[in-house]
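A.B. asks: predicted structure and sequence below. I'll ask about it afterward.
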Amino acid sequence: MKEIAGLKSEVLLSAERIEDIVGGLARRITADYAGKEVLLIGILRGAFVVLADLMRRIELSCEVAFMEVSSYGAGTTSSGIVRILKDLEEDIAGKHVIVVEDIIDTGITLSYLRRSLLARSPASLEFLTLLSKPSRRRVELDVKYVGKEIPDEFVVGYGIDYAGKYRNLPDIYALDVPE
Ligand SMILES: O=P(O)(O)OC[C@H]1O[C@H](OP(=O)(O)OP(=O)(O)O)[C@H](O)[C@@H]1O
Ligand SMILES: Nc1nc2[nH]cnc2c(=O)[nH]1
């Protein structure tokens, strides 16, 4: 047991377990896109850690780009309103795009991104998330690459923050957040 932000917390996924999961996702992408070039779009800020590890294990010609979106304030619940804080600088028309997320909760962020990115005519568009909380879904989403499904717990570490902090923790912790 460890205290994070004064809250009780337990390791949900160790760094070693995360490495295995990310390696498995990278192998699937390498096989699925054989002979093609991919564009990975990391959704800032949380996805930068998984994206950095994932792309180094993908054995394909690979480009990277970033968008920053936000649907959470300082707290632990989604506002339900997605804002694009930083858009792509490049054209994605004709590219094989994989959007990389750290976590999917309600699905609102990715369903908004799907609409926004499909309108830009990529050759293909798929989604990857390290973590998914299926019990929290408020919109249906087809996510091809899911690292691990987790219960409805508030998690931090490996890029995922609590009030802007703890992204640097190598393991992922479940926090005992009061209701
Ligand atoms: O499925 P949803 O309910 O839409 O939630 C998922 C979103 O929430 C987190 O981002 P957050 O807004 O916390 O921003 P951050 O990545 O900058 O920490 C996560 O990175 C996803 O983008
Ligand atoms: N930090 C954090 N952000 C989230 N966004 C959606 N779910 C979560 C979560 O469990 N933890």
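C.D. replies: Okay, I see it. Keep in mind the model is a prediction, meaning the values are calculated, not measured. Ligands and ions are numbered 1, 2, ... in the order given.
A.B. asks: for the strand of greatest length in the chain, what is the average pLDDT?
C.D. replies: Using DSSP state E to define each element, the chain has its longest strand at strand 61-72. Across strand 61-72, the average pLDDT comes to 91.
A.B. asks: now stretch 27-44
C.D. replies: Throughout stretch 27-44, pLDDT has a mean value of 98.
A.B. asks: and if you look at stretch 161-173?
C.D. replies: Stretch 161-173 carries an average pLDDT of 96.
A.B. asks: do the helix or strand containing residue 39 and ligand 1 meet at all?
C.D. replies: Assessed by DSSP states H and E, residue 39 sits inside strand 37-44. Yes: applying C-beta under 6 Å from any ligand atom, one finds strand 37-44 in contact with ligand 1 at 43, 44. Where you see a C-beta, it was placed from the backbone N, CA and C, and this is true even at glycine.
A.B. asks: that strand vs ligand 2: in contact?
C.D. replies: No: Strand 37-44 stays clear of ligand 2 (C-beta under 6 Å from any ligand atom), getting no nearer than 11.3 Å.
A.B. asks: adjacent strands (with direction) for that strand?
C.D. replies: The strands beside strand 37-44 in its sheet (DSSP bridges) come out as strand 61-72 (parallel), strand 96-104 (parallel).
A.B. asks: of all the residues in the first one, which ones are buried?
C.D. replies: By neighbour count on 16 or more other C-beta atoms under 10 Å, the buried set for strand 61-72 is 62, 66, 67, 69, 70, 71.
A.B. asks: enumerate every residue touching the third one.
C.D. replies: In this case it means residue 67. 41, 42, 43, 44, 84, 86, 87, 88, 113 (C-beta atoms under 8 Å, 6 or more residues apart in numbering).
A.B. asks: out of those residues, which end up buried?
C.D. replies: By neighbour count, with 16+ other C-beta under 10 Å, the contacts of residue 67 hold 41, 42, 43, 88, 113 as buried.
A.B. asks: for the residues you listed, give me TSV that also has distance to residue 171.
C.D. replies: Shown next, in TSV, are these (distance: C-beta to C-beta, whole Å):
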residue	distance to residue 171
41	26
42	21
43	21
88	31
113	27
